[in-house]
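S.K.: here is the input, now give the coordinates:
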Amino acid sequence: KKSLRQKAVDELKHYYSGFHLLWIDTKVAARMVWRLLHGQVLTRRERRRLLRTCADLFRLVPFLVFVIVPFMEFLLPVFLKLFPQMLPSTFETESKREEKQKKKLNAKLELAKFLRETIAEMAKRNKADTG
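M.R.: Predicted coordinates:
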């Protein structure tokens with residue numbers, strides 16, 4: 001079991017790495033905006049990264065309140081439960097990322113199952129109509 005000091009150090013490392021990644025993303029996004037302003041076209045991947053970075057910067061404003069105000073970080077889990085998309089993407093933990101991927105995969109599987117059943121129904125109807 002981790003001590004309180006070790007937990008605090010881990011949280012500080014998490015915040016540092018999150019801000020560092022956000023800074024890197026912001027620099028890359030600034031270069032992309034510069035390219036856009038000079039008439040170059042972005043690829044689909046670059047456009048998605050630019051949109052994600054802009055969204056992260058807008059999410060950073062309410063998140064900074066929790067970091068700056070003393071002892072407000074204890075309320076962060078409550079607000080994350082109420083507003084799950086509040087954290088910038090660079091601050092997500094690996095377990096949260098995996099959980100999101102599992103939810104997306106389950107939704108895709110359900111959709112595929114529904115589409116498969118629908119196509120099977122349509123095939124039966126077409127077979128009945130023709131023969």
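S.K.: list the buried residues of the helix or strand of the chain with the lowest mean pLDDT.
M.R.: None of the helices or strands of the chain scores lower by mean pLDDT, DSSP states H and E than helix 76-82, at a mean of 82. Neighbour-count burial for helix 76-82, counted by 16 or more other Cβ atoms under 10 Å, picks out F79. Bear in mind the C-beta positions are built from the backbone N, C-alpha and C, glycine included.
S.K.: could you list every helix and strand in contact with that helix?
M.R.: Of the remaining helices and strands, none touches helix 76-82 by 3 or more Cβ pairs under 8 Å, 6 or more residues apart in numbering; DSSP states H and E.
S.K.: return it as PDB; C-alpha atoms alone will do.
M.R.: Only the C-alpha atoms of helix 76-82 are listed here, as PDB (Å, rounded to 0.1, in the frame of the first residue of the first chain):
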ATOM      1  CA  LEU A  76     -12.300  16.600  -8.800                       C
ATOM      2  CA  PRO A  77     -13.600  13.000  -8.800                       C
ATOM      3  CA  VAL A  78     -17.100  14.300  -8.000                       C
ATOM      4  CA  PHE A  79     -17.000  16.700 -10.900                       C
ATOM      5  CA  LEU A  80     -15.500  14.100 -13.200                       C
ATOM      6  CA  LYS A  81     -18.400  11.800 -12.300                       C
ATOM      7  CA  LEU A  82     -20.900  14.600 -13.300                       C
END
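S.K.: with that, I have no additional questions.
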